[in-house]
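J.: Give the three-dimensional model of this entry:
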Amino acid sequence: MKQLLKTAAIVAAACGLMAGIHGVAAHHSVTMFDQAKTLTIKGKVVELRWVNPHATVSVNGMVTETNEPATWLFEMTSPGNLTRVGGWTRTSVKTGDDVVVDFAPLRDSATKGGNLKKLVLVSTGQVFTSNIRDQERPGLE
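T.: Below is the predicted model of the structure:
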């Protein structure tokens, strides 16, 4: 009986480890974004979700003057990375703030969203980025 319990525990631990590895590997893919394109949207912040593993910001606005306004969802890196490297806080942008967002759009153009590259607060001109490597470039301000 002890051997059976020991074997069951080992199998359960191995399954848990494999599931965790699969989840982590799938989590870090950015292939859903077209990194070769950069679009710009002007609009108002609907919501900043300050959660792990990725913070997100929703913006209601238009990509071009000919489009109808829509709510777009932009993914960023983790709150920890945004705080350490990007100078973000959970109150950096607030609902109703006017912003200009540069982003890599989703490859599925029917879905309104993308990977946030740069967000500018219109009221102050303050610039926030999401890409940790962009923080290392000079002249970003």
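J.: for this structure, what spans make up the helices?
T.: 2-27, 79-86 (DSSP state H).
J.: Check the ones you listed for me: which has the lowest mean pLDDT.
T.: Here these differ in mean pLDDT, and the lowest is helix 2-27 at a mean of 58.
J.: and the longest strand for this structure?
T.: With secondary structure taken from DSSP state E, the chain has its longest strand at strand 39-49.
J.: So in the protein, where's the weakest helix or strand by average pLDDT?
T.: helix 2-27 (a mean of 58; mean pLDDT, DSSP states H and E).
J.: re the thing from before, got a list of contacts for the longest strand of the chain?
T.: Contacts with strand 39-49, where a contact means C-beta atoms under 8 Å, 6 or more residues apart in numbering, come from 55-63, 69, 71-72, 90, 92-105, 114. (Glycine included, C-beta is placed from N, CA and C.)
J.: Show me these that map onto strands.
T.: 56-62, 71-72, 98-105, 114.
J.: From those, keep the buried residues only.
T.: Neighbour counting by 16 or more other C-beta atoms under 10 Å classes 57-59, 61, 72, 99-105, 114 among the ones in strands among the contacts of strand 39-49 as buried.
J.: Any chance of CSV for the residues you listed, columns distance to residue 48 and pLDDT?
T.: Putting those into CSV (distance: C-beta to C-beta, whole Å; pLDDT from 0 to 100) gives the following:
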residue, distance to residue 48, pLDDT
57, 5, 97
58, 8, 98
59, 10, 98
61, 15, 95
72, 13, 96
99, 10, 98
100, 16, 97
101, 12, 96
102, 17, 95
103, 15, 95
104, 19, 94
105, 20, 94
114, 16, 95
